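1. prediction below, plus the sequence it came from.
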Amino acid sequence: MASFTTEEFEQSFKSLYKPLCLYALHYTERIDDAEDIVQQAFADVWDKNCAGALIGNLKAYLYQAVRNRSLSFVSQIPQAQTTDQLPDMEDASEEEQIRCAERDARLWQAIDKLPPERKKIFLLSKRDGLKYQEIAEELNLSIKTVENQMSKALKALRETVVRIYCFIFGFT
């Protein structure tokens with residue numbers, strides 16, 4: 001791949017930022033840290049591009065950079081967490097890591113396609129860890145509405161996950 005233009009970089013940023021943040025979030029467990037890691041990875045890519053370095057597969061490069069940065073970040077945090085509790089991705093092949101990254105990206109694309117209010121409720125529950133009652137209070141909704149919207153979101157995502165796994169593993 002030749003060096004890319006500002007527009008191409010912006011398009012890559014727009015399409016990959018959220019999935020990469022969620023990918024980093026699996027390691028860091030804090031959205032602010034995940035966003036910092038992803039923003040720095042994009043800044044490094046832009047610097048490399050300006051310096052004339054060529055990146056063959058931008059998506060794979062970014063996922064690997066975010067993974068490496070996330071693991072470095074987690075290892076620098078003093079904590080009582082054993083290495084058994086950290087994600088074990090060292091043994092995974094590069095192809096398997098790319099497959100996992102693509103799976104996560106497809107899942108986040110499916111989440112992005114949810115209706116806005118349903119997506120907001122889903123993310124408050126699954127990403128932010130709020131209970132249904134807390135979501136209902138925050139969004140000024142009934143708890144029944146939150147339950148119904150979560151049910152619909154999970155059903156839609158379940159169907160998407162089945163399609164993703166069928167695609168990845170070659171089932172038709």
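-> Structure received. Numbers count the residues shown, from 1 in each chain.
2. residue 122 versus the residue of the chain most remote from its centre, what's the distance?
-> Outermost residue of the chain with respect to the C-alpha centroid, by C-alpha atoms, centre = their mean, is residue 142; its distance is 29.4 Å. Counting by C-beta to C-beta, to the nearest Å, the gap from residue 142 to residue 122 is 17 Å. Yep, even glycine has a C-beta here, placed from its N, CA and C like the rest.
3. which of the helices and strands in the protein ranks last by mean pLDDT?
-> Ranking every helix and strand in the chain by mean pLDDT, DSSP states H and E puts helix 94-112 at the bottom, with a mean of 76.
4. tell me which residues in that one are buried?
-> Buried residues in helix 94-112, counting neighbours by 16 or more other C-beta atoms under 10 Å, are found at 98, 100-102, 104-108, 110-111.
5. okay, that helix in PDB with CA atoms only?
-> As requested, C-alpha coordinates have been extracted for helix 94-112 and formatted as PDB (Å, rounded to 0.1, in the frame of the first residue of the first chain):
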ATOM      1  CA  GLU A  94      -1.100 -13.800  13.700                       C
ATOM      2  CA  GLU A  95      -3.900 -15.100  11.500                       C
ATOM      3  CA  GLU A  96      -6.000 -16.000  14.600                       C
ATOM      4  CA  GLN A  97      -5.400 -12.600  16.100                       C
ATOM      5  CA  ILE A  98      -6.600 -10.900  12.800                       C
ATOM      6  CA  ARG A  99      -9.600 -13.200  12.800                       C
ATOM      7  CA  CYS A 100     -10.500 -12.200  16.400                       C
ATOM      8  CA  ALA A 101     -10.000  -8.600  15.500                       C
ATOM      9  CA  GLU A 102     -12.200  -8.900  12.500                       C
ATOM     10  CA  ARG A 103     -14.800 -10.700  14.500                       C
ATOM     11  CA  ASP A 104     -14.800  -7.900  17.100                       C
ATOM     12  CA  ALA A 105     -15.000  -5.300  14.400                       C
ATOM     13  CA  ARG A 106     -18.000  -7.000  12.800                       C
ATOM     14  CA  LEU A 107     -19.700  -7.300  16.200                       C
ATOM     15  CA  TRP A 108     -19.200  -3.600  16.900                       C
ATOM     16  CA  GLN A 109     -20.500  -2.800  13.400                       C
ATOM     17  CA  ALA A 110     -23.600  -4.700  14.400                       C
ATOM     18  CA  ILE A 111     -23.900  -2.700  17.600                       C
ATOM     19  CA  ASP A 112     -23.500   0.500  15.600                       C
END
